[in-house]
Each structure stands twice: as structure tokens, then as C-alpha cells.
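Asks: structure, please.
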Amino acid sequence: MVIEQVIEKVKNRDPDQKEFHQAVWEVLESIEPVLKKNPQYMKAKILERIVEPERQIMFRVPWTDDKGEVQVNRGFRVQFNSAIGPYKGGLRFHPSVNLSTMKFLGFEQTFKNSLTGLPMGGGKGGSDFNATGKSESEVMRFCQSFMMELYRHIGPDTDVPAGDIGVGGREIGYLFGMYKKLQNEFTGVLTGKGRNWGGSLIRPEATGFGVVYYTQEMLRTDNLDIKGKTIAISGFGNVAWGVAKKCEMLGAKVVTLSGPDGYIYDENGVTGAKVDYMLQIRASGNDCIKDYADKYDVPFFPGERPWSVKCDIAIPCAIQNELGLDDAKKIIDNGCKYVTEAANMPCTAEAVEYLLKNGAMVAPAKAANAGGVATSGLEMSQNSMRLSWNAEEVDTRLHQIMVNIYKNCYDSAEKYGHKGNLIVGANIAGFVKVADAMLEQGIV
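Replies: Numbers count the residues shown, from 1 in each chain. A predicted model of the protein is given here:
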């Protein structure tokens, strides 16, 4: 009853924020058994507090294009929860960015960061800026203008943003340069930095690597190995690139990639130079996966998604709600029993329900794609200690974090009567740590 009341209040308060409603519902409907065993959470109104961001910042971002014309975008930073550490979460530059998206991502980030075991709170930010077709100078001027407002609200012990869709190493560099100039200090205020100035090895591919490590643990539950498995993935950006790279290392075969224009099917596998070519397509700003089909002479399916392809494992890596009910039906019809969410909330609620009812194991994004923020946390540690770990050490630490996340999810689900349901397990494990910290810190 309390859960329904909180969800209804969230909807009534912000009726237009559909993505945020979905994220809140997916977490809260999982934690009912926790509330029954821990009435102190309800007494302290943890649910009512945890669905409300501690701070929401919106600001204008004026910048000048190459023609001398002034352009104006909107900037956001949602600082959702700092119970277990400074706010931590990416910046997304994409036309789809709005407050609802930022709140849903910040809410998810709170529990994702909790699962890593590292002292990081949850936050998210970004802008509706679209870098497609923009020159290098225009991107730089936009980033500098964005940071001229954001710098007031962040810091290494307050809020540590990172990259996300549309924000890679180039953008982080421009943002960091302006922060350093404004604050007159060199600190680890951003992660995803360049290797020569405080960045961590493995960070660009970390999200994808972590996704594969989590998937590997999921398969081991059924006494299976990822080696030799056929994998369908969507997207061709940073996450998809990391997934393809680690799958090749472990002997699995990725056979699909997708973009806004459709998907490709490569029966020989996305391997070797093909993996590196994914980065070239992204860097070109063309945003068309058909370029891969043309270069490597493989089938291209315009306007379609890759979920009708027969595979052992499906890994959506693109964007939220990209895998719907019809896609879920195709996945099950093809005999696929493992779905790992690599993007943030890429499966609709209806798709998840159908997959679970038909015997599939679904690895939730807040657990499976935590490798990126986990490695950002490792970058923060390196910055604090003024040292740099080699690639092998970072990868080893990342691998162990993902193994621990999987175990925590699996054990939490079993403890509360939902054995094998990794979604419930992730929500419970992430929630309990944050809720306990909030209780211990009082009503603030």
C-alpha cells in the first residue's frame, strides 16, 4: 500500500516525466519484501525521500557558432542522493535530454553506484546539445559555456561527473580545462579524463567489459561458459565497442550492430579491425551503421532492430526502451534465454515481464553496466592517491567488482524469496545500502 501511494505521488507531482515514473516503479515494486522485514524504513519515510532528488539544477547554455550566431541550449545536473558518497554520474549531450531523463538516470545511478561497493552517491546531468554536424571549435565553445555554470555545483568531494552519450574524451577535456581555469586547481573533479592528465586505463571500454563479466557470471549459474556463444548486440558506440572487444577476448562471437538507420548481421563475427572500425564510424559523426555493411560486405537491414537474429545472448547497448514487447517475443522464439541490459533501462517493462515469464534470465542495467562507473570510482581513487595503475590491475579490479555485484544480486534475490531474479536482487541490494546510510544519518 505504501509503495503504491509513493508511486502515485510521484506521478501526480510530475505527470509528464514518464521515464522517471518507470524507473521508480521498477525499483519500488521489487522491494516490498524488504519493507515487510524492515518497518524502520517506512517509519523514517525512506521511500518518500529516496524518490526525490536532493537537488535539481537547470541552466541556460549560450554559445556562439562558427557563423557568429548565438545559440542557446539547456543544461541539467540532478544531484539525486549523497548518502554513501559524493554524487557520481555521467553527462549526456543529446537532443532527447530533458529533466525526466536526467531524473530517471540519476535515480538509477544511485543504486548502481551502491552496488559497486565504492563510496559514490548518485547523480546525472547533461544538455539537449547535438554535436552532430558541429565543428571542433563549436563543441569546445559549448563545453566551456556549459562548465561556466556547472563548476559552481561540482567538486571532487561534492559531485564528480563523467561522460555518457555524446560526451567522450574530447568533451571531458574541454570541460576539465574550463573547470581548471575557473577554480585555479587541478583535481579529480571529472572522470574519463585523458590518460596523460589523470585518466585511468580501461575506462573507455570499462562499461562494455563489465557487461561481459556480469554476463559470464550469469551463465556460470547454469554451468555454462561464454566461450563459443553467439551474441546479438545493438548500438555501435562506446558500450557496444567494449562488449565486442571483451567478447572476442573471451572467445564469444558478436554478430550484430545497429544504429538509427538499421542493423548489420556479420555471421563471421565483429572481430579484429572490425571492432576498431566501430570507433571510426562514431568519430565520423555520420551515425550510420550501414558504413560497416558497405566496408565489410555484410547484410544491412534498414529501419530494423537486431532482435530477430538467432543468438545465445542478447545485449541491448543503445538507449532506453529500445527493446519492446515484440522484440522480447522474437528473442524467446529464437531460443535465447539470456538478456543483459548494457544501456540504461533499454528494455520496456512489458518486455522484461515477458522475458521473465518465459524463462529468460535478465541482467538489469543498474548491475550489469556498472563497470563504467566502477572504473570511474577507481579513477577517483588513483587521483586521490596521485598514482596510476596499469591496465591489468584496473581490469582485475573491475572484474572482481563485477563478480561481487553479481553475487550480491543473486544472494539478495534468494534471501528475499526471488531466487534467480537478478532484477529484484539488484534493486534490493542497491536499495538496502542507501536506505541504511540514510537512516544512520538522520532526517536531512
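Asks: buried ones in the strand or helix carrying E392?
Replies: Using DSSP states H and E, E392 sits in helix 391-415. Neighbour-count burial for helix 391-415 flags 394-395, 397-399, 401-402, 405-406, 408-410, 412-413 (criterion: 16 or more other C-beta atoms under 10 Å). C-beta here means a position set from N, CA and C on the backbone, and glycine is covered the same way.
Asks: mind picking out the helix or strand in the protein with the poorest mean pLDDT?
Replies: Least confident helix or strand of the chain, by mean pLDDT, DSSP states H and E, is helix 273-284 with a mean of 91.
Asks: what's the local residue count around the spatially closest residue to T158 that is not a sequence neighbour?
Replies: Excluding its sequence neighbours, the residue lying closest to T158 (C-beta to C-beta, 6 or more residues apart in numbering) is P86, at 5.5 Å. Residues near P86, counting by other C-beta atoms under 10 Å, number 18.
Asks: do the one 5 residues further on as well
Replies: Number of residues near L91 (other C-beta under 10 Å) recorded here: 30.
Asks: wait, it sits on G163?
Replies: Yes. Under the criterion of C-beta atoms under 8 Å, L91 makes contact with G163 at 6.5 Å.
Asks: residue ranges of the helices in the stretch 1-150 of the chain, please?
Replies: For the stretch 1-150 of the chain, helices defined by DSSP state H, counting those that start in this stretch occupy the ranges 2-13, 18-28, 32-37, 39-43, 46-50, 99-116, 136-150.
Asks: right, so of the ones you listed, which gets closest to G359?
Replies: Taking C-beta to C-beta, helix 18-28 is the member of those nearest to G359, at 20.2 Å.
Asks: show the average pLDDT along the closest one.
Replies: The average pLDDT for helix 18-28 rounds to 93.
Asks: so how far is it from its chain's centroid?
Replies: The chain centre lies 16 Å from the centre of helix 18-28; the measure is C-alpha atoms, centre = their mean, to the nearest Å.
Asks: now swap in stretch 51-71 and tell me
Replies: Computed by C-alpha atoms, centre = their mean, the separation of stretch 51-71 from the middle of its chain amounts to 22 Å.
Asks: in the protein, which segments are predicted with low confidence?
Replies: For the chain, no stretch is flagged by pLDDT under 70.
Asks: tell me which residue is most central in it.
Replies: In the chain, the C-alpha nearest the mean C-alpha coordinate belongs to N344, at 4.6 Å (C-alpha atoms, centre = their mean).
Asks: give me the nearest residue to that one, chain neighbours excluded.
Replies: Counting by C-beta to C-beta, 6+ apart, N344 lies nearest to A365, which is 5.2 Å off, once chain neighbours are set aside.
Asks: again with F142
Replies: Using C-beta to C-beta, 6+ apart and skipping residues adjacent in sequence, the residue nearest F142 is W63, 4.6 Å away.
Asks: need phi/psi at the closest residue to S137 other than its chain neighbours.
Replies: With sequence-adjacent residues excluded and distances taken as C-beta to C-beta, 6+ apart, S137 is closest to D66, at 6.3 Å. Dihedral angles of D66 (phi, psi; degrees, to the nearest 10) stand at phi -70, psi -20.
Asks: before we move on, what about the one 3 residues further on?
Replies: Backbone torsions for E69, taken as degrees, to the nearest 10, come to phi -90, psi 140.
Asks: what about it, neighbour count?
Replies: For E69, the tally of surrounding residues (other C-beta under 10 Å) stands at 8.
Asks: how much space between it and W63?
Replies: Between E69 and W63 the distance is 10 Å, computed by C-beta to C-beta, to the nearest Å.
Asks: partner strands of the helix or strand hosting V339, with direction?
Replies: Using DSSP H and E, V339 falls within strand 338-340. Strand 338-340 has its sheet partners listed here by DSSP bridges as strand 313-315 (parallel), strand 361-363 (parallel).
Asks: got the buried residues for stretch 68-81?
Replies: Quick answer for stretch 68-81 (16+ other C-beta under 10 Å): Q71, N73, G75, F76, R77, V78, Q79, F80, N81.
Asks: from start to finish, how long is stretch 361-371 in a straight line?
Replies: Its start and end residues considered, stretch 361-371 measures 19 Å (C-alpha to C-alpha, to the nearest Å).
Asks: same check, this time on stretch 241-261
Replies: First-to-last residue span, stretch 241-261, C-alpha to C-alpha: 18 Å.
Asks: again, but for stretch 158-175
Replies: Start and end residues of stretch 158-175 are separated by 17 Å (C-alpha to C-alpha).
Asks: list the buried residues for it?
Replies: 159-168, 170-175.
Asks: list the contacts of the nearest residue to D261 once chain neighbours are set aside.
Replies: Spatial nearest neighbour of D261, excluding adjacent residues (C-beta to C-beta, 6+ apart): C288 at 4.8 Å. C288 sits next to G259, P260, D261, I281 when contact means C-beta atoms under 8 Å, 6 or more residues apart in numbering.
Asks: nearest residue to the last one other than its sequence neighbours?
Replies: Going back to what we said before, that points to I281. Leaving aside its sequence neighbours, I281 sits nearest to D291 (C-beta to C-beta, 6+ apart; 5.3 Å).
Asks: can you give me the neighbour number for the one you found?
Replies: When neighbours are counted by other C-beta under 10 Å, D291 registers 19.
Asks: measure it to K419 for me?
Replies: 45 Å.
Asks: before we move on, back to that, name the helix or strand for the residue nearest to I281, please.
Replies: Element membership for D291, per DSSP H and E: helix 290-296.
Asks: picking that back up, and the helix holding E392 with helix 99-116, angle?
Replies: Comparing the axes of helix 391-415 and helix 99-116 via axes from the mean of the first three to the mean of the last three C-alpha atoms, to 10 degrees yields an angle of 100 degrees.
Asks: just checking, what packs against helix 391-415?
Replies: helix 99-116, helix 206-221, helix 365-368, helix 371-385, helix 422-440 (3 or more C-beta pairs under 8 Å, 6 or more residues apart in numbering; DSSP states H and E).
Asks: contacts for the shortest one, please.
Replies: I take that to be helix 365-368. By C-beta under 8 Å, 6+ apart, the surrounding residues in contact with helix 365-368 are 108, 111-112, 115, 210-211, 214-215, 340-346, 405-406, 409, 422, 425-427, 430.
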